[in-house]
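Enquirer: pasting the sequence and the predicted coordinates here, then a few questions.
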Amino acid sequence: MRALLLSAVVLLGLCACGGGPREEPASVRHHGVHERIPVTFTTRDATGVRGRTIRNYTAEAHAVRSAAGCVNSRDGRFPQSGAGERVEAALDPLHGEGGPEGWCRGRYRGTIKYFEGFACPAQGTCDVPAGFPTRTKVVARFSFVVD
């Protein structure tokens, strides 16, 4: 039976500041083994490079029960955006190890993480200055099912 083509949607107010995130639970959606899983949410903070600091959001999902011969996890980066913008990242089973077989069937749990750290140059080596602050914070959780 072909699964519904629906996205894992996360509707959140995200905050990279000390106040913490405002979370609303995400809906559980069903997908087929070769479908890209879109993850959508509204940013709280602007992303991109400002000065020597880069800021971004990433979605990651992992199978609750791992299996062999198929995709158990994927991640995807959200595009650069301003604060309050609705953005989407795709978790694509075809890009990475196990891709031709598609997703393993079962339940997946995911997170959206906010990252803030040193902005390495586009070319050459990346020498992070000693003591440069780096921060990674889980700002949302979501789940989906592959049938």
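Expert: That came through fine.

Enquirer: ok, Gly69 - contacts?
Expert: The neighbourhood of Gly69, defined by Cβ atoms under 8 Å, 6 or more residues apart in numbering, consists of Gly98, Glu101. (Glycine included, C-beta is placed from N, CA and C.)

Enquirer: check Ser81 too.
Expert: Ser81 touches Thr43, Ala46, Thr47, Gly48, Val87, counting by Cβ under 8 Å, 6+ apart.

Enquirer: mind doing that once more with 10 Å?
Expert: Ser81 is in contact with Thr42, Thr43, Asp45, Ala46, Thr47, Gly48, Asn56, Tyr57, Val87, counting by Cβ atoms under 10 Å, 6 or more residues apart in numbering.

Enquirer: can you pick the most crowded of the residues you listed?
Expert: Of all those, the highest neighbour tally under other Cβ atoms under 10 Å goes to Tyr57, namely 26 neighbours.

Enquirer: got a pLDDT number for it?
Expert: Predicted confidence (pLDDT) for Tyr57: 96.

Enquirer: secondary structure element for it?
Expert: strand 53-63 (DSSP states H and E).
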